[in-house]
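Asker: Test case, fold it:
(chains A and B)
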Amino acid sequence: MHSLELQNVTTRIGEQALFSAVSLTVAASEVVAVMGPSGVGKSTLLNHILGMLPADITGEGSVLLDGVDIGKLNTEHRGIGLVAQDDWLFPHMTVWQNLKFAQPKSMNRQDGQAQITQYLSEAGLLGLEKHLPSQLSGGQRQRVAVLRMLMAQPKAVLLDEPFSKLDQQLRRDFRHWCFSVLAERSLPALLVSHDPQDVAGLRCWQLDKGDWHHA
Amino acid sequence: MNVPARLFSSLFWAAFLLPIISGVVLTLLPAFGWLPVLNQQQLGWHIWQQLFIQPSFWAASGLTWWSGWLATLASLFIAALLLQYGFAQQRFALLSRWLSAMLAVPHAAYALGLFALLAATGWPARIWALGSGEQLPPQIALTQDPYGLSLALTLALREVPFLLLMALAAFRTLNLAPLLRQARLLGYGEPQAFWPVVVPQLLPVLRWPIMVVLAYNLGVVDVALITGPSLPPTLAVMVHQWFVDPDLTMRLVAAAGGIWLTLMIMLACALWWGIEKLIIAICMTRQWPRQTFGFAWLAKLSSILLLTAWLLGAAWLLFWAFARRWRFPDLWPEQWQLRSWLRTSSDWWPALVDTLVVGVASATLALVLVIGLLEGVGQLKRWQRPLLFVPLILPQVGFLFFVPGMLARIGIGYGYGAAITLHLLFVLPYSYLLLERAYLSLNLQYEQHALLLSKSRWRALWRVKWPLLAPAFASVFAVGFSVSVAQYLATLYASAGRIETITTLTVSAAGGGDRRLIAVFALLQWLLPFLVFLVMAWVSHWRSRWQRA
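Answerer: As a prediction, this is how the structure comes out:
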């Protein structure tokens, strides 16, 4: 059972803190939402967790994954997956190749193939494995992006407005599918969103003018 | 900066700056009387006094200044004309499609094609003779005229594609098309919108490319040997002739001549900077007419002239390379043959191999160094960028001659090693500028998402980033190869007779009168980069199939 914990986390440009320090814990199978207007530092917080802050921004506080501080690790060793607003599927790879790329090297060929087939089947994407990302619809691409993230076997997941580019109907279906997929795998997830519908029923933190509030 | 990054950065700058700095120093010293190998160790101004009293020195300097400026201003005028009438908006579709291919043609081959076309036995003369019933070629010489007009025309036509490509890139970077559209929507006509809206933004961005063109036109040797006047020749040709003079003490005068030419180019660049400011000031203050109909026709005519000169030049070389019998005023040969190719195969075959070895090696090395630099250190800093243009601005006779001797002392002997080192100087800047653009336009998110999938940096590069950049790598390699193929002086000085490329072979054949021989060599020089471009275009097309899906 995995958990993601932030302890007194903040980020700074020079001496100025972008937001007050935040401490929160996301348990296994739980999705915690972070809301707030554009530009308050929500994505910067995610970048800090991922170890991808730009050179001019410094991060403070501890990021614990299953109780272990991952703050000093490189991005690729942190074990955190990301699904963003844009899917960032590799455009030169087919759906199958995108998923295969994400699997750990240690996984043997047959297990790998079986896993991809099973995931595609669960997501209703079977038959599209030879398609390039540019041949898929927006909803299909986002599903593949989630599957690819899961293939890398992350211990926690960050969702950076992953539903914002989808239309209302698709958005509801995809959100439901995405949350259930994460819950099935007992993954803790931190969701950044603007839309109150996305965070309905979730434990929610509001970031406004640099301060955190429970919403 | 980590160790590999520092290593690549050091290698890049060492490969680039060391030959240039040593070349300039090793040319400056003899210019002031210091050349110990010839027992000349008296520092002073006496070499300069010798230079200034050389026969035709001042005439050659004047001719160089005139023809260089004429060619540059003419190519700028044509490029501006085409841009003003919608080149960036795809209005000259045929010309835009062939622009890269036109740029790939080495200067010497282009000059030979145009030279043959404009000669007394060229197609225009033949068409005139067929119309008038004349059986003999006219007694007028349109090439190698004493005023350098044919030289200026050749250089002007050859440099327009380069300026247009640079301008197109600037159009995209500065996002000028929507601004132009906006100005048109506000009721401005094409010239009204182009000069005050586009030119003031475009010229500062094109400052370095224009200076490169200006410096090239003032310092060119191979094209001037083919289409330029000979009595006196341009200063660059004169200096080159002094360098290879059997009287070795002339090398000191040549060194002073090279430095003199460098100073002329510096002055020209400074002058252009002033002219640029003046043009911008005029553009911002002058009232432009809504339409200038004559200029629209002139733009169309220019695009036709550019394409015709390129296509007919190539066709002329192709016909002569396979012609057995081609009498004046027939428009095409009566009989065809392969004899010219077979007869000269012992010359061109080894030259072809040398060209391929040096071209592939320098293009590959440049690509590896630039990729290493961009991955390790990132983009060059603002103050480092002008350094890239140094070898393109300096005249080759002003710093290249003594570099191979210095390279021989550190173990890179005359021949392949020296040739590749010298070619790298000219390939590296183009490779960097092209690849930097590709890196900037690639979204970093792809690489970051590969890292987020727990993949190592190497795997992210091999599987994600570099495959996405493969089309750009292919283009950069093709450009690097064509730049290498076109090098004349760099090959000549580096080889010391040990290797010969198609370009050195073509330029030396141009001095003779055998049209078939010249056509065979020039055609090879024309085809080589063209074929590499085709192969690389295919590779690029194949690698970027995902973009078209």
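Asker: if I pick the closest residue to residue B:159 other than its chain neighbours, what's in contact with it?
Answerer: Of all residues not flanking residue B:159 in the chain, residue B:75 sits nearest, at 4.2 Å (C-beta to C-beta, 6 or more residues apart in numbering or on different chains). Any C-beta I mention is one placed from the backbone N, CA and C, and that applies to glycine too. Counting by C-beta atoms under 8 Å, 6 or more residues apart in numbering or on different chains, residue B:75 makes contact with B:155-157, B:159-160, B:163, B:213.
Asker: do that again at 7 Å, thanks
Answerer: Residue B:75 sits next to B:156, B:159-160, B:163, B:213 when contact means C-beta atoms under 7 Å, 6 or more residues apart in numbering or on different chains.
Asker: As a markdown table, these with neighbour count and secondary structure would be great.
Answerer: Compiled in a markdown table, these are given as follows (neighbours: other C-beta atoms under 10 Å in any protein chain shown; DSSP: H, G, I helix; E, B strand; the rest coil):
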| residue | neighbour count | secondary structure |
| --- | --- | --- |
| B:156 | 23 | helix |
| B:159 | 26 | helix |
| B:160 | 27 | helix |
| B:163 | 22 | helix |
| B:213 | 27 | helix |
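Asker: got JSON lines for these, with pLDDT too?
Answerer: Shown next, in JSON lines, are those (pLDDT from 0 to 100):
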{"residue": "B:156", "pLDDT": "94"}
{"residue": "B:159", "pLDDT": "92"}
{"residue": "B:160", "pLDDT": "92"}
{"residue": "B:163", "pLDDT": "93"}
{"residue": "B:213", "pLDDT": "95"}
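Asker: one step back: separation between the residue nearest to residue B:159 and residue B:152?
Answerer: 9 Å (C-beta to C-beta, to the nearest Å).
Asker: ok, of the contacts of residue B:75, which one's closest to chain A?
Answerer: Each of the contacts of residue B:75 was checked against chain A using C-beta to the nearest C-beta; the closest is residue B:163, at 32.8 Å.
Asker: where does residue A:205 fall, phi/psi-wise?
Answerer: phi -110, psi 140 (degrees, to the nearest 10).
Asker: give me the beta-bridge partners of the nearest residue to it once chain neighbours are set aside?
Answerer: Nearest non-adjacent residue to residue A:205, counting by C-beta to C-beta, 6+ apart: residue A:34, 5.1 Å away. Note on residue A:34: beta-bridge partners by DSSP bridges are residue A:192, residue A:205.
Asker: and chain B, which residues reach chain A?
Answerer: For chain B, the contact set with chain A under C-beta under 7 Å from any C-beta of the partner chain comprises B:445-446, B:448-449, B:451-456, B:463-464, B:467-468, B:546, B:549.
Asker: Okay, and which of those map to strands?
Answerer: Judged by DSSP state E, the residues of chain B next to chain A include no members of strands.
Asker: ok, the residue nearest to residue B:159 to residue B:505 distance?
Answerer: Taking C-beta to C-beta, one finds residue B:75 at 28 Å from residue B:505.
Asker: Would you mind pointing out the helix or strand residue A:61 falls in?
Answerer: strand A:57-65 (DSSP states H and E).
Asker: what comes up buried for that strand?
Answerer: Neighbour counts over strand A:57-65 (16 or more other C-beta atoms under 10 Å in any protein chain shown) mark A:59, A:63, A:65 as buried.
Asker: Need the residues you listed in CSV (columns: pLDDT).
Answerer: Shown next, in CSV, are the buried residues of strand A:57-65 (pLDDT from 0 to 100):
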residue, pLDDT
A:59, 89
A:63, 94
A:65, 93
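Asker: Nearest to residue A:170 among those residues?
Answerer: Nearest to residue A:170 among the buried residues of strand A:57-65 is residue A:65, at 31.4 Å by C-beta to C-beta.
Asker: related to what we said a few turns ago, can you tell me which of the buried residues of strand A:57-65 is closest to chain B?
Answerer: residue A:65 (12.9 Å).
Asker: What are the neighbouring residues in contact with the closest one?
Answerer: A:4, A:79, A:155-156.
Asker: What count of nearby residues applies to residue B:132?
Answerer: Residue B:132: 10 surrounding residues under other C-beta atoms under 10 Å in any protein chain shown.
Asker: typed the wrong thing, it's residue B:250
Answerer: Around residue B:250 there are 18 residues (other C-beta under 10 Å).
Asker: how close does it sit to residue A:88?
Answerer: Remark: distance between residue B:250 and residue A:88 (C-beta to C-beta) = 64 Å.
Asker: Parallel or antiparallel, list what pairs with the lowest-mean-pLDDT helix or strand in chain A.
Answerer: Least confident helix or strand, chain A: strand A:211-214 with a mean of 82, by mean pLDDT, DSSP states H and E. Sheet pairing of strand A:211-214 (DSSP bridges) gives strand A:203-208 (antiparallel).
Asker: Average pLDDT for the strand it pairs with, rounded please.
Answerer: Per-residue pLDDT values over strand A:203-208 give a mean of 88.
Asker: Please enumerate residues in contact with it?
Answerer: Identification of contacts with strand A:203-208 by C-beta under 7 Å, 6+ apart yields A:19, A:24, A:32-36, A:40-42, A:212-215.
Asker: who in chain A is up against chain B?
Answerer: With C-beta under 7 Å from any C-beta as the criterion, chain A meets chain B at residues A:50, A:52, A:75-76, A:79, A:81-82, A:88, A:90-92, A:101-102, A:132, A:134-135, A:148, A:152.
Asker: one more time with 8 Å, if that's ok
Answerer: Within chain A, the positions near chain B by C-beta under 8 Å from any C-beta of the partner chain are A:50, A:52, A:74-77, A:79-82, A:84, A:86, A:88, A:90-93, A:101-102, A:104, A:132-135, A:148-149, A:151-154.
Asker: got the residue ranges for the strands in chain A?
Answerer: Assigned by DSSP E, chain A shows strands spanning A:4-13, A:16-17, A:22-26, A:31-35, A:57-65, A:68-69, A:80-84, A:156-160, A:189-193, A:203-208, A:211-214.
Asker: Could you give me the buried positions within the last one?
Answerer: For strand A:211-214, burial by neighbour count (16+ other C-beta under 10 Å) applies to residue A:212.
Asker: got a list of contacts for it?
Answerer: Here strand A:211-214 has contacts from A:19-20, A:22, A:204-206, using C-beta under 8 Å, 6+ apart.
Asker: can you do 7 Å?
Answerer: With C-beta under 7 Å, 6+ apart as the contact definition, strand A:211-214 has outside contacts at A:19-20, A:22, A:205-206.
Asker: quick one on the thing from earlier: okay, the strands of chain A in CSV with distance to residue B:434 next?
Answerer: Listed next are the strands of chain A as CSV, based on distance: least, C-beta to C-beta, whole Å:
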stretch, distance to residue B:434
strand A:4-13, 34
strand A:16-17, 40
strand A:22-26, 45
strand A:31-35, 42
strand A:57-65, 32
strand A:68-69, 44
strand A:80-84, 30
strand A:156-160, 33
strand A:189-193, 38
strand A:203-208, 43
strand A:211-214, 47
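Asker: and residue B:409, how many residues sit next to it?
Answerer: By other C-beta under 10 Å, neighbour count at residue B:409 equals 9.
Asker: repeat for residue B:465
Answerer: 19.
Asker: Now for it: which residues touch it?
Answerer: By C-beta under 7 Å, 6+ apart, the contact set of residue B:465 is B:446-447.
Asker: before we move on, back to that, quick check: PyMOL command selecting the buried ones in the residues of chain A next to chain B.
Answerer: Buried residues within these, by 16+ other C-beta under 10 Å, are selected in PyMOL with:
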select buried, chain A and resi 50+52+75+76+79+80+81+82+84+86+88+90+91+92+93+101+102+132+133+148+149+151+152+153+154
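Asker: From the residues of chain A next to chain B, which land in helices?
Answerer: A:50, A:101-102, A:148-149, A:151 (DSSP state H).
Asker: Residue B:177 contacts residue B:88, doesn't it?
Answerer: Yes. Assessed by C-beta atoms under 7 Å, residue B:177 is found in contact with residue B:88 at 6.3 Å.
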